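Engineer: Would you be able to build a 3D model of this:
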Amino acid sequence: MTAQRPRLIFLLNSAQRRLQQWMGAKQAQVTTGGSASPTAAQGGALFVLARQDGATMGQLADALDLAPSAVSGLVQRLEALDWVTRQPCPQDARTQRVWLRPSGRAQLPPLREAIARVNAQLTAGFSEAELQTVARWLTHVQQLRPDPSSEAPHD
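Structural biologist: Numbers count the residues shown, from 1 in each chain. Below is the predicted model:
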């Protein structure tokens with residue numbers, strides 16, 4: 001009798017939803033002072049800006065693997081929280097650069113703590129070789145692009 005293949009699409013979608021919920025709960029646990037807790041996307045943007053302060057909206061979109069329209073809304077929400085500021089690029093006024101504000105930078109230590117805890121729980125019980133296989137598979141999935149020949153013809 002052969003083993004049934006795993007339902008990878010279901011497992012991946014379900015795991016992603018659970019991880020987002022779990023990350024939100026963990027972030028809320030380490031947030032201090034009753035302030036708002038960053039969402040996963042907001043935390044990702046703050047981490048990108050910590051490495052590359054003054055990133056363009058396009059650079060943020062690339063780093064977060066998001067559509068430019070999604071980054072625009074994300075940055076608006078971050079601005080409303082006073083965690084970032086957006087300014088026109090001096091070399092090209094059509095380009096917006098995003099800068100981390102002190103209140104945004106203050107979010108980084110609790111986010112790092114939450115991520116360290118989650119990563120420890122996610123990797124518990126798995127060997128380094130198993131984790132490398134999972135990482136390789138997830139990277140493979142992340143890099144998949146639709147096959148233009150498989151799309152339905154347009155009328």
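Engineer: switch to C-alpha atoms for all contacts and neighbour counts from now on
Structural biologist: Will do.
Engineer: Any regions of the chain where pLDDT drops low?
Structural biologist: Low-confidence segments of the chain, defined by pLDDT under 70: 1, 27-28, 30-35, 148-155.
Engineer: Residue for residue, what is the longest helix it has?
Structural biologist: helix 8-30 (DSSP state H).
Engineer: Any idea how far it is from the middle of the chain?
Structural biologist: Chain-centre distance of helix 8-30: 12 Å, with Cα atoms, centre = their mean, to the nearest Å.
Engineer: now stretch 59-67
Structural biologist: That offset, for stretch 59-67, works out to 9 Å (Cα atoms, centre = their mean).
Engineer: now swap in stretch 132-151 and tell me
Structural biologist: Relative to the centre of its chain, stretch 132-151 is centred 18 Å away, using Cα atoms, centre = their mean.
Engineer: Just the CA coordinates for it, please, in PDB.
Structural biologist: C-alpha atoms of stretch 132-151 as PDB (Å, rounded to 0.1, in the frame of the first residue of the first chain):
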ATOM      1  CA  GLN A 132      16.800  23.200   4.900                       C
ATOM      2  CA  THR A 133      14.400  21.000   2.900                       C
ATOM      3  CA  VAL A 134      11.400  23.000   4.000                       C
ATOM      4  CA  ALA A 135      13.200  26.200   3.200                       C
ATOM      5  CA  ARG A 136      14.200  25.000  -0.200                       C
ATOM      6  CA  TRP A 137      10.600  23.900  -1.000                       C
ATOM      7  CA  LEU A 138       9.100  27.200   0.200                       C
ATOM      8  CA  THR A 139      11.600  29.200  -1.800                       C
ATOM      9  CA  HIS A 140      10.700  27.000  -4.800                       C
ATOM     10  CA  VAL A 141       7.000  27.800  -4.300                       C
ATOM     11  CA  GLN A 142       7.700  31.500  -3.800                       C
ATOM     12  CA  GLN A 143       9.600  31.600  -7.200                       C
ATOM     13  CA  LEU A 144       6.800  29.900  -9.200                       C
ATOM     14  CA  ARG A 145       5.300  32.000 -11.900                       C
ATOM     15  CA  PRO A 146       2.200  31.300 -13.900                       C
ATOM     16  CA  ASP A 147       2.700  29.500 -17.200                       C
ATOM     17  CA  PRO A 148       1.300  31.800 -19.900                       C
ATOM     18  CA  SER A 149       0.400  28.800 -22.000                       C
ATOM     19  CA  SER A 150      -1.800  27.400 -19.300                       C
ATOM     20  CA  GLU A 151      -4.000  30.500 -19.000                       C
END
